[in-house]
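[1] 3D, please:
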Amino acid sequence: MKILYNRLGVIEDSVLEIRELLEELRQKRAGQQTEKWLTRDQVRAQFKISFPTINKLEKQGVIKGYRMGKRVLFLRSEIEQQLKGRAKR
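    Okay, here's the model as predicted:
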């Protein structure tokens with residue numbers, strides 16, 4: 001009987017540890033932003049870049065457009081990163 005209680009205690013400790021780890025993961029996930037996709041018009045408005053400049057940067061390979069059906073979308077994080085890198089030059 002004593003061995004059974006010891007094993008139950010170990011199991012309870014393990015369950016508590018797993019719960020703490022799961023809660024930690026939930027908090028980390030909640031803190032992460034989901035990747036935001038932008039249309040050309042949204043890129044133009046948010047970053048104050050003209051359409052010809054967006055096209056030129058895309059052709060030069062500075063920013064990457066992803067085809068989604070008929071639309072071309074851009075990852076906000078990639079545009080921010082590339083524009084910061086160009087501003088430092």
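[2] what residues sit buried inside the helix or strand hosting Glu58?
    In this assignment (DSSP states H and E), Glu58 forms part of helix 51-60. For helix 51-60, the neighbour count (16 or more other CB atoms under 10 Å) marks Ile54, Leu57, Glu58 as buried. The C-beta positions use only the backbone N, C-alpha and C, and glycine is treated the same way.
[3] now do the contacts for the first one.
    I take that to be Ile54. Ile54 sits next to Arg40, Val43, Arg44, Ile63 when contact means CB atoms under 8 Å, 6 or more residues apart in numbering.
[4] one more pass at 10 Å, please.
    Ile54 makes contact with Arg40, Asp41, Val43, Arg44, Phe47, Val62, Ile63, Gly65, Val72, Phe74, Ile79, according to CB atoms under 10 Å, 6 or more residues apart in numbering.
[5] what about it, distance to Arg19?
    Going from Ile54 to Arg19 by CB to CB, to the nearest Å gives 48 Å.
[6] contacts for the helix or strand containing Gln81 next, please.
    Under the criterion of DSSP H and E, Gln81 resides in helix 76-87. For helix 76-87, contacts defined as CB under 10 Å, 6+ apart pick out 33, 35-38, 42-43, 46-47, 49, 54, 57, 61-66, 74-75.
[7] got the angle for that helix vs helix 51-60?
    Calculated by axes from the mean of the first three to the mean of the last three CA atoms, to 10 degrees, helix 76-87 forms an angle of 90 degrees with helix 51-60.
[8] in helix 76-87, which residues are buried?
    So for helix 76-87, counting by 16+ other CB under 10 Å, buried means Arg76, Glu78, Ile79, Gln82, Leu83.
[9] now do that helix: distance to the chain's middle.
    The chain centre lies 15 Å from the centre of helix 76-87; the measure is CA atoms, centre = their mean, to the nearest Å.
[10] could you do stretch 79-89 as well?
    Relative to the centre of its chain, stretch 79-89 is centred 18 Å away, using CA atoms, centre = their mean.
[11] since that was my last question, I'll sign off now.
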